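Chemist: Output the structure for:
(one chain, ligands or ions: 1)
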Amino acid sequence: MYNLLKGKKGIIFGALDDKSMAWKVAEHAHAEGAVFTLSNTPIALRYGTLNELAERCNSEIIPADATNLKDIENVIEKSMEILGGKVDFILHSIGMSLNVRKKRSYDDIDYNFMMKTLDISAISFHKVLQTAYKLDAINEWGSVVALSYIAAQRTLFRYNDMADAKAMIESIARSFGYIYGRDRKIRVNTISQSPTLTTAGSGVKGIGDLLDFTEKMSPLGNATADELAQYCITLFSDLTRKVTMQNLFHDGGFSSMGMSEKAMHQYSKGFDNEQ
Ligand SMILES: NC(=O)c1ccc[n+]([C@@H]2O[C@H](COP(=O)([O-])OP(=O)(O)OC[C@H]3O[C@@H](n4cnc5c(N)ncnc54)[C@H](O)[C@@H]3O)[C@@H](O)[C@H]2O)c1
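Modeler: Sure thing, here's the model as predicted:
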């Protein structure tokens, strides 16, 4: 450990269980010397195992539905009370699509579900940023990170309306990043992570094949949730003060590939077996 976050305070949204990206970020942030609060929905608190993490990290849990402005305000105000002042970092690790869950295909979208997808998975990021901005809750040179996926920019079969949500969250990071940088010297970025076997990840049908494909296409292989957490720590640290308004790929090189030797090999084997 490097003590990269010694003396830093934060808020981590979206840890559900020990597979969650946010869970890993919390563990690494704790190990690097940060103190922080944790937040998730009341339902997630009932079904997940967040208490265990909170105990280990000496953190308090503040329940919130991230689509609800009052809830977000409460999380941010309570966090400042508990932590004794403004925070230095916020992680938004929240995503959910009812169209994906209910297996509605992209050409048979339920629009009420779609509005929920956008609200939960993208607009909630704006709500967190705007609320923190109005409450002046983040210290100068603070850092806010949300998680994205390459389907924001390229079409990946079955990612459905989450692709639209991710396109929006990347755009929000740029738009708010300008305002937060200009006015308060605060960084706002998204990390575009490899497919990962978490609860949200497992909801995408065919994730097993996708993981195998991206593993074979990426020169460094898929990035794990632990590796994502390490990358996140660097963005919360003082070592990346001038990185803002970026979508940063953390995917073993996948996003720059067209075809790899391994994938070519696998593809030709597939043809051999075809009738
Ligand atoms: N798993 C992957 O393959 C992958 C890849 C790239 C990006 N991501 C992104 O990473 C983030 C975290 O997902 P994960 O893979 O760790 O899965 P996860 O299921 O562990 O985390 C998703 C979290 O969102 C929370 N959530 C859902 N609705 C909410 C609401 N209304 N208010 C507050 N919280 C709510 C859930 O309770 C859960 O904790 C998401 O933004 C996801 O899209 C995941």
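Chemist: any weak-confidence spans in this structure?
Modeler: Applying pLDDT under 70 to the chain flags the ranges 271-275.
Chemist: what does it have sitting close to the ligand?
Modeler: 14, 16, 20-22, 40-41, 44, 65-67, 93-96, 120, 147-149, 193, 195-196, 198-201 (Cβ under 6 Å from any ligand atom). Heads up, the C-betas are built off the backbone N, CA and C, glycines and all.
Chemist: and those residues, which of them are in helices?
Modeler: Residues of these located in helices (DSSP state H): 21, 22, 44, 199, 200, 201.
Chemist: Taking the residues you listed together, which two end up most distant?
Modeler: 44 and 201 (15.7 Å; Cβ to Cβ).
Chemist: how about the longest strand along the chain as CSV, C-alpha atoms only?
Modeler: Longest strand of the chain, by residue count under DSSP state E: strand 138-148. Provided in CSV are the C-alpha atoms of strand 138-148 (Å, rounded to 0.1, in the frame of the first residue of the first chain):
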residue,chain,number,x,y,z
ILE,A,138,-16.2,18.8,-2.4
ASN,A,139,-12.7,20.2,-1.5
GLU,A,140,-10.6,21.9,-4.2
TRP,A,141,-8.7,19.3,-6.3
GLY,A,142,-11.3,16.7,-5.3
SER,A,143,-12.2,13.9,-7.8
VAL,A,144,-15.5,12.4,-8.9
VAL,A,145,-15.6,9.1,-10.8
ALA,A,146,-18.5,7.2,-12.4
LEU,A,147,-18.3,3.8,-14.2
SER,A,148,-19.0,3.3,-17.8
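Chemist: from memory residue 161 sits against residue 106, does it?
Modeler: Yes. Assessed by Cβ atoms under 8 Å, residue 161 is found in contact with residue 106 at 7.0 Å.
Chemist: who touches both of the two?
Modeler: residue 99 (Cβ atoms under 8 Å, 6 or more residues apart in numbering).
Chemist: In the chain, what residue spans correspond to strands?
Modeler: 9-13, 35-39, 87-92, 138-148, 187-193, 247-250.
Chemist: Which elements pack onto the shortest one?
Modeler: Using 3 or more Cβ pairs under 8 Å, 6 or more residues apart in numbering; DSSP states H and E as the contact definition, the elements that strand 247-250 packs against are strand 187-193, helix 225-236.
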